[in-house]
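Build me a model:
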Amino acid sequence: MAEARSATKEPIVHVEDFEEGQDVKWKVAWRSWRRTMLRRFFRVRNLIKNGMWPTSLWNLGVVVALVAIVMVTDYPIMKVVNDKFWNFGEYFYIPKGPPYFLPKVVIVSCLIGVIFFIVLLFIRRYLLRLLLSYRGWLYQNPKSQSIKTLIWCILVRIVSGSTPTTFACQLSLPRLPVPSVDSTLSKFLESVEPLFTSEENERLKKEAEEFRKTIAPKLQSLLVLKSWWATNYITDWWEKYIYLMGRSPLAINSNYYTMDNGFWKPTEHQSTRAAGLCYMLMQFKRKIEHEQVVPLLIRNTIPVCMYQYERLFGTTRVPREDFDEIVHYDSSVSKHIVVLRKGIYYKLDMFDTAGQPLAPYAIEKQIEWILQDADSQQESEGARSAEGLASLTTLERTDWARKRTKYLGSGINQESLAIVEKAAFMINLETRTFEGFTERAKFLLHGDGKVIWFDKSMCLHFFPDGRYGLTAEHSWGDAPVVAHLLEYSAYEEVLGELYKDGRAGNPDSINQDKVKPPVQLHWNVTDELAKIINEAGLFAQKNNEDLDLCVRRHMDFGKGFVKSCKVSPDAFIQLALQLAYYRENSKFALTYEASMTRLYLNGRTETVRSLTKDACEFVKSMVEDNRTTEEKIRLLQNAGKVHQKLYRDCMSAEGWDRHMFALYVACKGLGYESDFLHHALTLPWTLSTSQTPQQQMVGNPTITQEHADKASPGGGFGPVSDQGYGVSYMIPEDTHFWFHVSSKKSCPTTNSDRFVDQIFTSLGEMKQLFAVQQNES
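Numbers count the residues shown, from 1 in each chain. So this is what the prediction gives:
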């Protein structure tokens, strides 16, 4: 049956989809030309605006006008300047006569205005870059900043000028500096000291000293040289060698998931929720293309790098035998999404024949048609021949690359694959409902091996009860970008008019034209390919069954109480994680916490090593119970301050893990070997942790206890080490926390449920310290 289907390609083209045959030729040509010109206009306009920022055409107009006024007036105080301008005009040949005066004023004022404007542009741009290199503000409380920081803040706002477009700040961001080798080595050695015996630490120090005296200077010189010409001396290597070179399956090992609102949902209808979210995502996509997404500003002043947003939509990680490739498709190509229902793939155009975006109600109708069509074909062997095709993306990358070339590299399979990979994103209309957070999160992370195309930048899953979640590929960008997208959508769902009476609405701004119907994708699944798909599904199922995931809400207290204890909420939770792990294993663990470096151009992340000497001292005081309550509180607060400073250091390019990684890449690239770098970079991250950002958009109302049900539980990821835990946590508002803990069932020493219990116990004990102190006082 499947072999016969490959003999024809008619299913790919529907008469209704063939626009050229449905309308007058000049109308088709006009629409195509209009869309092309609009796209070019926005690109050129944004290119000019970004190139001029932080100045603007308004600055140019003011300068031209001032020069012209000085030339045509005769104020004694401006006589010297006036003479200079008129003398400058003598260099240009202008015929004598009655109009001589006016052309000379226009030419001179425009030329001087343009020259001054260009000079002002570069002065402001480099001055802003210099100002943004200051990091003192990061170490000060926003409510008690120093005079120096306040003056700096005023200067930043003055130099920044007008409101920037999405990518306007990029040219003004400072480049990531290269730390000194001595600083990196000393910080690294101090961070691992609690993990080793004194003999092991001494041996590691000798290796570090040998590295410092031998090849380190040459490697450091290469990194410094690269930092001068590259936009970021780390990011391209990080993407290539950490993400794209990895040969492990993406499922569980690389991707991550996010969940929708915790206990609230705007509708009970699957098609309605899918339509609303698809509409909002496409709106966000258009805002990025037109650079209308307001760039994120810390404290409403300091810009962060936005380059990752360029690859949020229309991006696919294509498997290759050695290194994968991130392929991003232009908006002129990526104008559709791919919908999966019961193993059947559909192409759904998100614009009508006039180039207008589909309204939510129009998308809802299309999705309902897909639901009915797929359900009517569920007994058709031919229609569901490719039901498990997505399981191929769960294979090891080299294996998937070879199978992709062999079985999907030509004919109808190649055409259908191209449609999937060029899609803005992919959605799965799921048939199953998951009531519990843990069960739903587990499905979002790895699915059933058949419904997630792991190569796509984003796959959304819509459940029959109106809930949804998202699975994201990691190489193109980091979780805060996806969190920003979902925050944008969530606020519109809660506060906007996206839905009416539980169904999709119809914005007045959209005058819908003819809508193209969904197109079913077909595949040539031979018996050999069917066998491979089945084997891939079994491989994915085996890995899925080994994942142990637990999602739970901590209700005893939240960040409100923690702040009253004068401890950073993030530091408080990190200390609770250290205490929980030590109670469970009677030892400490190398801990990874992700921090951003987006204060720098093309920055991504840096590692915060949360296991510090101060954290160890606090944990031991709690476990051994040999200190007074006041001493324990002092140790807790001190460890929290150390952690908070460490986190800020990493944001300020004073971390050391990425620097050591770059030294290692340079070492290998130049043909050297280093025992120290090998040992340093192969230590397992037993605890891999991350905090999911809840609110990033300026102007959105703060989440309070009253609306806590609308806050997202966040998301999670798989464990980095097979013998450890992956811990993601969300701090949505003042009264509770969310935890997502993952581990492997095949590891005899880990258990996610047990570890969450330990975390909650540790949080309770830490809270009790302050309760005892209050009672004693």
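
Averaged pLDDT, stretch 130-138. What do you get?
Averaged across stretch 130-138, the pLDDT comes to 94.

Secondary structure element for residue 339, which one?
strand 336-341 (DSSP states H and E).

Just the residues contacting that strand, thanks.
278, 345-350, 367, 370-371, 374-375, 390, 419-420, 422-429, 451, 453, 518, 521 (C-beta atoms under 8 Å, 6 or more residues apart in numbering). In short, each C-beta sits where N, CA and C put it, glycine included.

Of these, just the buried ones, PyMOL syntax please.
Only the buried entries of the contacts of strand 336-341 go into this PyMOL selection, using 16 or more other C-beta atoms under 10 Å:
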select buried, resi 278+345+346+347+348+349+350+367+370+371+374+390+419+420+422+423+424+425+426+427+428+429+451+453+518+521
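
residues of the strand holding residue 339 that come out buried?
336-341.

same for the longest helix anywhere in the chain, what does it pack against?
Ranked by number of residues, the top helix in the chain under DSSP state H is helix 101-132. Judged by 3 or more C-beta pairs under 8 Å, 6 or more residues apart in numbering; DSSP states H and E, the packing partners of helix 101-132 are helix 57-72, helix 79-89, helix 147-160.

okay, the longest one in CSV with CA atoms only?
In this case it means helix 57-72. Provided in CSV are the C-alpha atoms of helix 57-72 (Å, rounded to 0.1, in the frame of the first residue of the first chain):
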residue,chain,number,x,y,z
LEU,A,57,16.9,60.6,12.0
TRP,A,58,15.6,63.1,14.5
ASN,A,59,19.1,63.8,15.6
LEU,A,60,20.2,64.4,12.0
GLY,A,61,17.3,66.7,11.4
VAL,A,62,18.1,68.8,14.5
VAL,A,63,21.7,69.2,13.5
VAL,A,64,20.8,70.2,9.9
ALA,A,65,18.3,72.7,11.2
LEU,A,66,20.7,74.2,13.7
VAL,A,67,23.5,74.7,11.1
ALA,A,68,21.0,76.3,8.7
ILE,A,69,19.8,78.7,11.4
VAL,A,70,23.3,79.7,12.3
MET,A,71,24.1,80.4,8.6
VAL,A,72,21.0,82.5,7.9
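
now for it, which elements pack on it?
Looks like helix 57-72 contacts helix 79-89, helix 101-132 (3+ C-beta pairs under 8 Å, 6+ apart).

now those in a markdown table, with mean neighbour count and distance to residue 219?
Listed next are the helices and strands packed on helix 57-72 as a markdown table, based on neighbours: other C-beta atoms under 10 Å; distance: least, C-beta to C-beta, whole Å:
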| stretch | mean neighbour count | distance to residue 219 |
| --- | --- | --- |
| helix 79-89 | 14 | 53 |
| helix 101-132 | 16 | 27 |
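
Count the neighbours of the closest residue to residue 766 other than its chain neighbours for me.
Counting by C-beta to C-beta, 6 or more residues apart in numbering, residue 576 is the residue found nearest to residue 766 once chain neighbours are left out, at 6.1 Å. Applying other C-beta atoms under 10 Å, we find 25 residues neighbouring residue 576.

So for the host helix or strand of residue 576, what gets flagged as buried?
Residue 576 belongs to helix 569-585 when elements are defined using DSSP H and E. Using 16+ other C-beta under 10 Å as the test for burial, helix 569-585 gives 569-584.

Please tell me how far the residue nearest to residue 520 when sequence neighbours are not counted sits from residue 516.
In space, and not counting its chain neighbours, residue 520 is closest to residue 346: 5.5 Å by C-beta to C-beta, 6+ apart. Separation of residue 346 from residue 516 (C-beta to C-beta, to the nearest Å) stands at 12 Å.

And residue 216, by the same measure?
60 Å.

How about residue 571?
Residue 571 is 53 Å from residue 516, by C-beta to C-beta.

now swap in residue 188 and tell me
57 Å.

So residue 240 is in contact with residue 323, correct?
Yes. Contact criterion C-beta atoms under 8 Å: residue 240 and residue 323 qualify, at 6.4 Å.

Show me where the stretch 451-600 of the chain has its helices.
Listed in chain order, the helices of the stretch 451-600 of the chain (DSSP state H, counting those that start in this stretch) span 479-495, 527-546, 559-564, 569-585.

residues touching residue 157, list them.
residue 301.
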